[in-house]
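Visitor: show me the folded form of this:
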Amino acid sequence: MTFARTVARLPVFYGWVIVGCMFLLLWTAHGLTLAGIPVFDELILEELGISRGTLKFRDFITVMCAGLSGPLVGYFADRYGARPVIFAGLLFLSAALFFYSTISSPTHIYLIHVLMGLCVSATNIVVVVVLLSNWFVTKRGIALGLALAGTSLGSAFLPQLSAWLIGQMHWRDAVQVLGCLPIVLIPVLYLLVRERPSDLSVQPLGGEAAPGTDPAGSHDIDMSEVWAQVRTFNFVLLGVIAALIFYAANAFIQHTFLYLRDQGFEPGAAATGFTVIFISGLVGKIASGFLVEKWGVKPIWIGFQAFILVGALVMIFQGAEGAWIGLSCIGFGWGGAYALTQLTISNTFPPRALGRLMGLFVIIEAVGAGSGSWLTGVLFDSQGSYDLAFLLTVGFMVVTIIGTRFLRARSP
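Guide: So this is what the prediction gives:
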């Protein structure tokens with residue numbers, strides 16, 4: 001009750017505190033899993049004596065575990081609330097990082113990345129959307145956008161922390177220090193985060209939801225309608241496009257550090273590659289919304305895909321001299337293409353089947369993302385350079401640009 005009275009005296013709506021907490025959650029959880037760990041790759045490869053393809057298979061495991069565990073995480077979030085799910089995800093992440101300091105074989109790494117995948121699933125956008133939807137009837141878009149910025153900014157700056165720690169201590173000690181970050185965050189979120197405004201005797205921003213409004217997915221869905229959509233030309237084509245975009249983006253993101261080290265950059269400068277990609281990506285996400293309003297989804301989506309294509313060509317043919325330009329193009333293109341891929345999916349299929357179809361697309365995107373990281377490593381091992389692997393992404397982006405032009409508008 002004392003805490004509720006304190007909240008009542010705050011000059012701002014308490015939901016914005018929840019937004020800040022979700023920003024910190026995504027900054028920490030996604031920043032560490034997406035970009036903080038790859039900074040250790042060079043040292044792990046050297047110490048364990050394994051190939052890049054063998055190491056990068058861990059990324060395939062992470063995204064597949066995250067995608068496949070999504071329905072189970074959603075069930076627990078519905079049944080027990082978002083808070084316990086979030087705390088479990090942070091505990092999984094901390095345990096995974098501490099276990100990383102003990103690895104001695106690829107098998108150890110793969111088992112650890114099962115935990116990483118569970119962390120990604122338990123701290124992903126679905127859980128954040130569920131929590132923020134309780135607090136915001138109006139301004140949900142602003143609240144969600146501010147919270148999701150944590151994903152980009154965490155991935156931009158935590159690699160710098162990883163590189164600095166490696167310069168100060170043995171990498172196994174450095175990864176243990178990173179493992180403390182989720183533990184520190186748990187009590188902060190425990191004290192500040194509440195499931196819903198009624199827990200603090202306040203109203204959601206904008207008032208109560210309209211009477212009779214049911215949560216998304218609460219209606220019974222005829223699965224024949226879902227499978228009918230799966231068999232359509234649009235589903236197959238959009239699935240291929242999404243998988244290839246995610247493949248191309250992760251081929252670069254997850255190999256940025258090693259690529260820049262191969263080009264002669266110092267570890268700190270190589271870690272800056274993540275900063276360039278994810279800050280550019282944040283700009284792309286923001287820009288996509290404004291550009292779509294003026295010119296429509298399809299031409300702008302194609303434009304962002306073209307940025308990834310151009311960035312890949314710069315990386316192949318300019319090497320170290322064009323690295324920052326190439327990474328900026330890839331990051332900007334990926335940020336916009338990611339946002340518009342989700343928007344295109346939601347615009348293409350009927351609302352009643354959309355929830356289950358989105359679940360299928362999560363798995364498709366996971367296969368693309370994991371394969372991009374893993375197979376790029378395999379191709380590097382066979383060729384001794386990234387040229388062929390990056391050329392493959394160029395071909396894939398040409399396919400996505402052409403394929404996008406053939407997508408059909410949803411029938412009214």
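
Visitor: what's whichever strand or helix holds Ala147 packed up against?
Guide: Applying DSSP states H and E as the criterion places Ala147 in helix 140-168. Helices and strands touching helix 140-168, by 3 or more CB pairs under 8 Å, 6 or more residues apart in numbering; DSSP states H and E, are helix 15-30, helix 125-135, helix 171-192, helix 267-295. The C-beta positions use only the backbone N, C-alpha and C, and glycine is treated the same way.

Visitor: buried residues in the second one?
Guide: Which is helix 125-135. Within helix 125-135, the residues that count as buried by 16 or more other CB atoms under 10 Å are 126-135.

Visitor: from the contact counts, what lies against that helix?
Guide: helix 15-30, helix 52-80, helix 82-100, helix 140-168.

Visitor: ok, residues contacting that helix?
Guide: 14-15, 18-19, 22, 25-26, 70, 73-74, 77-78, 82, 85-86, 89, 140, 143-144, 147-148, 193, 195-197, 204-205 (CB atoms under 8 Å, 6 or more residues apart in numbering).

Visitor: rerun at 7 Å
Guide: The contact list for helix 125-135 (CB atoms under 7 Å, 6 or more residues apart in numbering) reads 15, 18-19, 22, 26, 70, 74, 77, 82, 85-86, 140, 143-144, 147-148, 195-197, 204-205.

Visitor: show the buried residues in those.
Guide: Looks like the contacts of helix 125-135 have 15, 18-19, 22, 26, 70, 74, 77, 82, 85-86, 140, 143-144, 147-148, 195, 197, 204-205 buried, using 16+ other CB under 10 Å.

Visitor: for stretch 279-293, what is the distance to the chain centroid?
Guide: 16 Å (CA atoms, centre = their mean, to the nearest Å).

Visitor: equivalent analysis for stretch 381-388, please.
Guide: Distance, centroid of stretch 381-388 to centroid of chain: 26 Å (CA atoms, centre = their mean).

Visitor: can you check stretch 370-390 too?
Guide: 21 Å.

Visitor: got the buried residues for it?
Guide: 370-381, 386, 389-390.

Visitor: swap in stretch 254-269?
Guide: For stretch 254-269, by 16+ other CB under 10 Å, it's 254-263, 265, 267.

Visitor: show me what contacts Val399?
Guide: Leu244.

Visitor: now with 8 Å, please.
Guide: Applying CB under 8 Å, 6+ apart, the residues near Val399 are 240-241, 244.

Visitor: for the helix or strand hosting it, list every residue counted as buried.
Guide: In the assignment (DSSP H and E), Val399 maps to helix 387-405. The neighbour-count check on helix 387-405 (16+ other CB under 10 Å) flags 389-390, 392-394, 396-397, 400-401, 403-404 as buried.

Visitor: looking at those, which one is closest to Ser224?
Guide: Of all the buried residues of helix 387-405, Gly403 has the smallest distance to Ser224: 27.0 Å, by CB to CB.

Visitor: which one is the closest one nearest to, not counting chain neighbours?
Guide: Ile241 (5.1 Å; CB to CB, 6 or more residues apart in numbering).

Visitor: against Leu407, how distant is that neighbour?
Guide: 8 Å (CB to CB, to the nearest Å).

Visitor: more neighbours: those two, which one.
Guide: Remark: of Ile241 and Leu407, Ile241 carries more neighbours, 26 against 18, as counted by other CB atoms under 10 Å.

Visitor: what about the helices and strands packed on helix 125-135, which gets the closest to Glu365?
Guide: Of the helices and strands packed on helix 125-135, nearest to Glu365 by CB to CB is helix 52-80, at 7.5 Å.

Visitor: could you report the separation of the nearest residue to Asp387 once chain neighbours are set aside from Ile277?
Guide: Sequence neighbours aside, Ile316 is the residue nearest to Asp387 in space, at 6.0 Å (criterion: CB to CB, 6+ apart). Between Ile316 and Ile277 the computed distance is 17 Å (CB to CB).

Visitor: okay, those two: which has more neighbours?
Guide: Each of Ile316 and Ile277 has its neighbours counted (other CB under 10 Å); Ile277 has more, 29 against 19.

Visitor: which residue comes closest to the more buried one once chain neighbours are left out?
Guide: In space, Ile277 is closest to Gly331, 3.7 Å off (CB to CB, 6+ apart).

Visitor: and what of Phe246?
Guide: Gly368 (3.6 Å).

Visitor: what about that neighbour, helix or strand, and which?
Guide: For Gly368, the element it lies in under DSSP H and E is helix 351-383.

Visitor: what is the mean pLDDT for that helix?
Guide: Across helix 351-383, pLDDT averages out at 90.

Visitor: just want the angle from that helix to helix 52-80.
Guide: 160 degrees (axes from the mean of the first three to the mean of the last three CA atoms, to 10 degrees).

Visitor: now do helix 351-383: distance to the chain's middle.
Guide: Taking mean C-alpha positions (CA atoms, centre = their mean), helix 351-383 and its chain are 12 Å apart.

Visitor: show me what it is packed against.
Guide: So helix 351-383, by 3+ CB pairs under 8 Å, 6+ apart, packs with helix 52-80, helix 223-230, helix 233-253, helix 323-348, helix 387-405.

Visitor: turn the ones you listed into a markdown table, columns for mean pLDDT and distance to Val283.
Guide: As requested, those are exported to a markdown table (pLDDT from 0 to 100; distance: least, CB to CB, whole Å):
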| stretch | mean pLDDT | distance to Val283 |
| --- | --- | --- |
| helix 52-80 | 89 | 24 |
| helix 223-230 | 83 | 33 |
| helix 233-253 | 96 | 15 |
| helix 323-348 | 93 | 6 |
| helix 387-405 | 97 | 20 |
